[in-house]
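*Asks:* Output the structure for:
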Amino acid sequence: MFVLFAIQVALYHLDRPTRVPASAQQRLDRLHVCILMPVYNEDPGYLRLGLESFLQQSRRPDSVHVVDDGSTTTDYAEIRDWWLRAATRAGVTTTWQRVPNGGKRHAQARGVEAGADADVYITVDSDSYLDPRAVEEILQPFSKRRVQSVAGIVIATNNRGPARPARPQPLGHAGKATRRARREYRRAVLSWRGSQLLARTSDLWFVTSQMVDRSGQSAVGAVMVNSGPLAAYRAGLVRENLGSYLNETFMGRGVSFSDDSMLTLYAQERGLTVQQSTAIVFTAMPERWNHFGRMYLRWMRGSTIRSVWRMRYLSMARPAFWLHAMRWTQMVLTQLVTVWLLVVEPVAYDNMPPLSMLWIPFLLGWAQGLRYLGIIRTDERIRSRLLTWLMMPLAIIMAWTWLRWLRWYGIFTCARTGWGTRQNGAEVSLG
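*Replies:* Numbering: from 1, shown residues only. Below you'll find the model as predicted:
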């Protein structure tokens, strides 16, 4: 386990963002860059924010194709009309389609058809908005012909949770009503503090995992999973695999989730998959524990299915195959060692777990979490970032308990291929 850990540390320290000379930049500038944005029951505020970010890019996309996948909460008429006018004024070719609900993949396919002349497709989720240099930065690695896909860095828009609940107003002589309002306010404050805790720990966990795990994979051109909020692909790769992408099945059931990892797998079969740590996107993370749990469970089910496909289809000559095998070896060894130290040793040999188990994981977590502090946000003071970094023990405990249980539950229930979120509307709103 130490050797595997040491390899991981060495790899993520080797990862560097790609920088290109002027001649290569000219070739990148000639590429037709097309953004695909599927929309389903999205919060209108987040949707408009994301669309605005496309027009504020240092390198604007050549085309943007928005596909409303049969949303049931609104038709977005006002936003659609504004966007079509704004994109036209900016010289960005665009379409806005509303289609019957068929899932995210089918919505993306409609965008691919509309942008058939693209050289690069950039996928962006409808609750995400791009840093002003995101498009320019994510194109840089495509200066190398072997690179087939590029992952951006995802950080939380709502990294400090929702706004604090408003205090109840005095209601004169209505004492009962006042007491009831106060009780509801106290419950709302407790829920708000729980949301704040979730927002900070999940942002810390998610960003650190990208800057550690995925950076290590990127160092050898073997990123396993791109993130939906921001990823870029060679257009030919997407078009040539569109049929299998839309018709993936597992154990006789159609697979609607894990779309990002499927596109990444296609890219791994053809060449290198990398991460550009200077391509930043902000996205809405869950603010409720049950929402986060359903999202993570969907990720684990998709990860299990994708692991089967990697073992079946990836060549052993690819670094991605061996990194994937190493990851599973590390996970199984971690479970075995944990059970041995916490169960077998105390019961069979009357040896209590070593005290080092109480502090070494936290020290390692804080050390790796320093990479979280490497991303500077102009909308947050460094002391707030430090406070989040100090919460690493909570993120580790969450990963060792609740998330570990969800991981194994997801592995054993991977045949359940439903999406699991947003059926009743957006679960996070900008307001």
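*Asks:* Could I get the CA-only coordinates of stretch 83-94 as PDB?
*Replies:* The C-alpha coordinates for stretch 83-94 follow below in PDB (Å, rounded to 0.1, in the frame of the first residue of the first chain):
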ATOM      1  CA  TRP A  83     -29.700  34.000 -25.500                       C
ATOM      2  CA  LEU A  84     -30.500  33.800 -29.200                       C
ATOM      3  CA  ARG A  85     -30.200  37.600 -29.400                       C
ATOM      4  CA  ALA A  86     -27.100  37.800 -27.300                       C
ATOM      5  CA  ALA A  87     -25.200  35.000 -29.200                       C
ATOM      6  CA  THR A  88     -26.100  36.600 -32.500                       C
ATOM      7  CA  ARG A  89     -24.800  40.000 -31.500                       C
ATOM      8  CA  ALA A  90     -21.500  38.300 -30.300                       C
ATOM      9  CA  GLY A  91     -21.100  36.400 -33.600                       C
ATOM     10  CA  VAL A  92     -21.600  33.000 -32.000                       C
ATOM     11  CA  THR A  93     -23.600  30.500 -34.000                       C
ATOM     12  CA  THR A  94     -26.200  28.900 -31.800                       C
END
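*Asks:* list the contacts for the residue nearest to Arg80 when sequence neighbours are not counted?
*Replies:* Nearest non-adjacent residue to Arg80, counting by C-beta to C-beta, 6 or more residues apart in numbering: Trp96, 4.9 Å away. (Glycine included, C-beta is placed from N, CA and C.) Trp96 makes contact with Val66, Val67, Asp68, Arg80, Trp83, Leu84, according to C-beta atoms under 8 Å, 6 or more residues apart in numbering.
*Asks:* May I see the buried residues of stretch 248-258?
*Replies:* Glu248, Phe250, Val255, Ser256, Phe257, Ser258 (16 or more other C-beta atoms under 10 Å).
*Asks:* Columns distance to Asp213, pLDDT and secondary structure on top of the residues you listed, output as JSON lines?
*Replies:* JSON lines is the format used below for these (distance: C-beta to C-beta, whole Å; pLDDT from 0 to 100; DSSP: H, G, I helix; E, B strand; the rest coil):
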{"residue": "Glu248", "distance to Asp213": "24", "pLDDT": "93", "secondary structure": "coil"}
{"residue": "Phe250", "distance to Asp213": "24", "pLDDT": "91", "secondary structure": "strand"}
{"residue": "Val255", "distance to Asp213": "23", "pLDDT": "88", "secondary structure": "coil"}
{"residue": "Ser256", "distance to Asp213": "25", "pLDDT": "85", "secondary structure": "coil"}
{"residue": "Phe257", "distance to Asp213": "20", "pLDDT": "86", "secondary structure": "coil"}
{"residue": "Ser258", "distance to Asp213": "17", "pLDDT": "88", "secondary structure": "coil"}
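*Asks:* Pipe those residues into CSV and attach distance to Gln196 per row.
*Replies:* Shown next, in CSV, are these (distance: C-beta to C-beta, whole Å):
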residue, distance to Gln196
Glu248, 38
Phe250, 37
Val255, 35
Ser256, 32
Phe257, 28
Ser258, 30
